[in-house]
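In: pasting the sequence and the predicted model now:
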Amino acid sequence: MYPGKTDKIICTIEARMSSTRLPGKVLMPLAGIPSLQFLVERIRRSSFVDDVIVATTVNEKDNAIIELCKKIQCNYFRGSELDVLGRVLSTAKEFHGDIIVEITGDCPFIDHRHVDKMIKLFYSGKYDYAGMQEFPGGFGVQVYPTEILSRVDKLTNDPVDRIHVTYYIYTHPEKFNIAAWHAEGMMKWPEGRVMIDERDDYQLLDIIAKELYPENQDFSAEDVAAFLKKNPKLVDINAHVRKKDPKKM
């Protein structure tokens, strides 16, 4: 819980087995650890997150995710595959979360220190939403109240908005008070990519994990960036992979 506040802060991790480009990616091992477990362990180090919850789907294929959650004693919620906004909102309501820290299961290197800094940014003013800009893909953290997502839930039924949970918020800045953390130094690298969408992404992230994790299980986002800057040929492994355009979903 954030000092001086009574809000319950939950972190939702969207995860499913039926990814179109790389099915089963959230359970693929990084340094021998299932990717989703890798991420959960990193987020659990946050000083302010009260609960980490995997928001998965009712699809039978996602039973494997539930088994992992039970094994690592992580809470979970099952909802719609395509209505991700509804799934995240239902997760927050089920676990009585006042503030949502939203991340996706294909970003296993998200840093708990970034999570805490984003929570501090959110509480630094009367904000409806806090996000990150110009960081490498795969480090994104978003923070917003459950009540704001409830409002968005009533405002839009556009499939793009329902799949990309906060798309409506950051594309309508006139309706919401938005805070942004702008990357600096080595982290100002928007073309960088440390998320898993395709096989080459996974190959790169497994190399990074095997290099950094044995030396320091709590390696930072900056450690990842520094390692890649020192080994630029590794960046070529997944340089061709592009993030999907929400408007073309």
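Out: Structure's in. What do you need? Residues are numbered from 1 along each chain as shown.
In: gap between stretch 13-28 and the chain center?
Out: When C-alpha coordinates are averaged (Cα atoms, centre = their mean, to the nearest Å), stretch 13-28 and its chain have centres 13 Å apart.
In: start to end distance for that stretch?
Out: 16 Å (Cα to Cα, to the nearest Å).
In: next: stretch 132-142.
Out: End-to-end distance for stretch 132-142: 7 Å, by Cα to Cα.
In: what does stretch 162-182 give?
Out: Between the opening and closing residues of stretch 162-182 lies a distance of 26 Å (Cα to Cα).
In: with stretch 209-229 instead?
Out: The first and last residues of stretch 209-229 sit 15 Å apart, counting by Cα to Cα.
In: now it: buried residues?
Out: Neighbour-count burial for stretch 209-229 flags 209, 211, 212, 213, 219, 220, 221, 223, 224, 225, 228 (criterion: 16 or more other Cβ atoms under 10 Å). C-betas here are computed from N, CA, C, even on glycine.
In: now do that stretch, average pLDDT.
Out: Stretch 209-229 comes out with an average pLDDT of 98.
In: can you tell me the SS state at the residue most central in space within the chain?
Out: The centroid of the chain falls nearest to residue 103 when counting by Cα atoms, centre = their mean (2.0 Å). Under DSSP: H, G, I helix; E, B strand; the rest coil, residue 103 falls in the strand class.
In: if I read this right, it contacts residue 143, doesn't it?
Out: No - at 10.1 Å, residue 103 does not count as touching residue 143 under the criterion of Cβ atoms under 8 Å.
In: and the residue nearest to the centre of the chain, what does it touch?
Out: If you count contacts by Cβ atoms under 8 Å, 6 or more residues apart in numbering, residue 103 has them with 11, 12, 13, 14, 39, 43, 110, 115, 140, 141, 142.
In: including secondary structure, could the buried residues of stretch 209-229 go into CSV?
Out: Shown next, in CSV, are the buried residues of stretch 209-229 (three-state DSSP):
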residue, secondary structure
209, helix
211, helix
212, helix
213, coil
219, coil
220, coil
221, helix
223, helix
224, helix
225, helix
228, helix
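In: ok, the closest residue to residue 99 other than its chain neighbours - how many residues close by?
Out: In space, and not counting its chain neighbours, residue 99 is closest to residue 9: 4.5 Å by Cβ to Cβ, 6 or more residues apart in numbering. The local packing of residue 9 (other Cβ atoms under 10 Å) involves 22 other residues.
In: done for today, thanks.
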